[in-house]
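J.: Below is the structure, and that's it, no one-letter string:
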């Protein structure tokens, strides 16, 4: 009976370059296929309704780790990649940004015709979730993107986002059909964000008379709205700082990838020939696939898989990104044929890193880590929206 959560994000404009958009679609599809193969489509919907997991998912795909752009870019990439395979995966994505959001009802009705789902009910759920977040709760954010994800059983999740141009922030809302008993009375545990004063909440229990008799509800207590089942408020700063990351978790992954050399556990990983930098990325991708909800409270950590298109924490390492996609795609295809060794090896990466955390003590080298990633970026085909990564300039000796 609750909306599953919300996220407050700095409002970012700009674009996703083609070189990243194509890779996001491939990696997003491979991760989705892995989750559905191991845990089912209901679990995928549950993850999509988790604001922390969703932010981590976007970060591991190379998007700006904290920005509003994750929502539209990730959903756009998933829709392009998943819908051509919807019949096999049992997952369908409708809606999108701007004019595409208005096509959601037509897309759902067309889907119902081909699958036998109750299209009228799905359209009703889509419209009500949007109406609640855009109209029934007037918090200053105007919806501009609406995505409705449904499986072949009729379970669904909604990921939608509104913007407040005045303070340059965006608010993402997540819904999950498993949580809904009523759209019009207390569907939320609350809407989390910066308190901006009184808001109009037509979904409060105290507003029942208003809903039925159009009565004034201006006495609704806004304090009840500042609690959230899952709250995520991203900082305004663009760079990744040490306090944005769980250093114990990140450190154990780096130790596993760079100190415990792959040749020492090739038999375990079944990933022969994969270097430490790719193991680092694969370990974070493995966590997105196999990690439990408590693992995603620091989404910035997942930007250490493939960097960010804006160069934070470092440029996107194209060669590593492509190798990660290739390994994951191969694992998915082999698993479909009954050979699960490579898929199990990828799962083991997350398990090894998690076990390593028990005795791992992080050191002070966070800034040095980012500096080294940036200096090495050109070796991995590093790219940002500003261009290709360049080798560091040689240090010149000054004579006095």
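T.: Arrived safely, thanks for sending. Everything quoted here is computed from the prediction, not taken from an experiment.

J.: Provide a list of residues in contact with residue 356.
T.: By C-beta atoms under 8 Å, 6 or more residues apart in numbering, residue 356 lies in contact with 252, 255, 256. Where C-beta positions appear, they are placed from N, C-alpha and C, glycine not excepted.

J.: ranges for the strands of this structure?
T.: Ranges of strands within the chain are 5-10, 91-97, 137-138, 142-151, 156-164, 169-176, 200-201, 231-233, 316-317, 382-384, 387-388, based on DSSP state E.

J.: would a markdown table of the ones you listed with distance to residue 112, mean pLDDT and mean neighbour count be doable?
T.: Below are the strands of the chain laid out as a markdown table (distance: least, C-beta to C-beta, whole Å; pLDDT from 0 to 100; neighbours: other C-beta atoms under 10 Å):
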| stretch | distance to residue 112 | mean pLDDT | mean neighbour count |
| --- | --- | --- | --- |
| strand 5-10 | 28 | 85 | 24 |
| strand 91-97 | 10 | 97 | 22 |
| strand 137-138 | 28 | 58 | 18 |
| strand 142-151 | 10 | 95 | 23 |
| strand 156-164 | 12 | 92 | 24 |
| strand 169-176 | 19 | 90 | 26 |
| strand 200-201 | 32 | 44 | 20 |
| strand 231-233 | 33 | 79 | 19 |
| strand 316-317 | 39 | 96 | 28 |
| strand 382-384 | 41 | 96 | 22 |
| strand 387-388 | 46 | 96 | 11 |
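
J.: just to revisit the earlier point, what is the nearest of the contacts of residue 356 to residue 21?
T.: For the contacts of residue 356, the closest approach to residue 21 (C-beta to C-beta) belongs to residue 256, at 30.4 Å.

J.: burial of the nearest residue to that closest one once chain neighbours are set aside, as a residue count?
T.: Counting by C-beta to C-beta, 6 or more residues apart in numbering, residue 353 is the residue found nearest to residue 256 once chain neighbours are left out, at 5.3 Å. Residues near residue 353, counting by other C-beta atoms under 10 Å, number 26.

J.: Do I have it right that residue 353 meets residue 285?
T.: No. The criterion here is C-beta atoms under 8 Å, and residue 353 misses it with residue 285 at 11.7 Å.

J.: And the strands of the chain: which comes nearest residue 85?
T.: Judged by C-beta to C-beta, the one of the strands of the chain that comes nearest to residue 85 is strand 91-97, at 8.5 Å.

J.: And that closest one, what does it pack against?
T.: helix 41-48, helix 69-82, helix 104-115, strand 142-151 (3 or more C-beta pairs under 8 Å, 6 or more residues apart in numbering; DSSP states H and E).

J.: Tell me how many other residues surround residue 326.
T.: Neighbours of residue 326 (other C-beta under 10 Å): 13.

J.: From residue 84, how far off is it?
T.: 20 Å (C-beta to C-beta, to the nearest Å).

J.: List the residue ranges of the stretch 51-200 of the chain that fall below the pLDDT cut-off.
T.: 136-139, 182-200 (pLDDT under 70).

J.: now with 90?
T.: Within the stretch 51-200 of the chain, the segments meeting pLDDT under 90 span 64-69, 128-141, 164-169, 171, 178-200.

J.: Now do the same for residue 392: its pLDDT.
T.: Looking at residue 392, its pLDDT is 89.

J.: How many neighbouring residues does the nearest residue to it once chain neighbours are set aside have?
T.: Closest residue to residue 392 apart from its sequence neighbours, by C-beta to C-beta, 6+ apart: residue 375 at 4.8 Å. By other C-beta under 10 Å, 13 other residues sit near residue 375.

J.: what does residue 121 give?
T.: Neighbours of residue 121 (other C-beta under 10 Å): 12.

J.: Distance-wise, check it relative to residue 79.
T.: With C-beta to C-beta as the criterion, residue 121 and residue 79 are 22 Å apart.

J.: now do residue 356
T.: Separation of residue 356 from residue 79 (C-beta to C-beta) stands at 37 Å.

J.: same deal with residue 149?
T.: Distance, residue 149 to residue 79, by C-beta to C-beta: 9 Å.

J.: which residues do the two both contact?
T.: When C-beta under 8 Å, 6+ apart defines a contact, the residues bordering residue 149 and residue 79 alike are residue 93.

J.: Quick check: which of the strands of the chain is nearest to residue 248?
T.: Of the strands of the chain, the one closest to residue 248 (C-beta to C-beta) turns out to be strand 231-233, at 20.4 Å.

J.: elements contacting the closest one?
T.: strand 5-10, helix 51-60.

J.: export these to CSV and tack on distance to residue 155?
T.: Formatted as CSV, these follow (distance: least, C-beta to C-beta, whole Å):
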stretch, distance to residue 155
strand 5-10, 17
helix 51-60, 17
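
J.: Going by residue numbers, what spans are helices in the stretch 251-400 of the chain?
T.: 266-269, 276-290, 303-306, 318-336, 341-356, 366-376 (DSSP state H, counting those that start in this stretch).

J.: distance of the residue nearest to residue 55 when sequence neighbours are not counted from residue 329?
T.: Leaving aside its chain neighbours, residue 55 sits nearest to residue 299 (3.8 Å; criterion: C-beta to C-beta, 6+ apart). Between residue 299 and residue 329 the computed distance is 24 Å (C-beta to C-beta).

J.: Which residue of these two possesses the greater neighbour count?
T.: Of the pair residue 299 and residue 329, residue 299 is the one with more neighbours under other C-beta under 10 Å, namely 25 against 16.

J.: tell me the contacts of the more buried one?
T.: Residue 299 neighbours (C-beta under 8 Å, 6+ apart): 52, 55, 56, 58, 59, 65, 66, 232, 234.

J.: Recalculate using a threshold of 6 Å.
T.: Going by C-beta atoms under 6 Å, 6 or more residues apart in numbering, residue 299 touches 55, 56, 59.

J.: Could you do residue 65 as well?
T.: Here residue 65 is in contact with 59, 300, 303, 308 (criterion: C-beta under 6 Å, 6+ apart).

J.: For the second one, report the pLDDT, please.
T.: Pointing back at residue 300 there. 93.

J.: what number of residues lie near it?
T.: Residue 300: 25 neighbours (other C-beta under 10 Å).

J.: Good, we can wrap up now.
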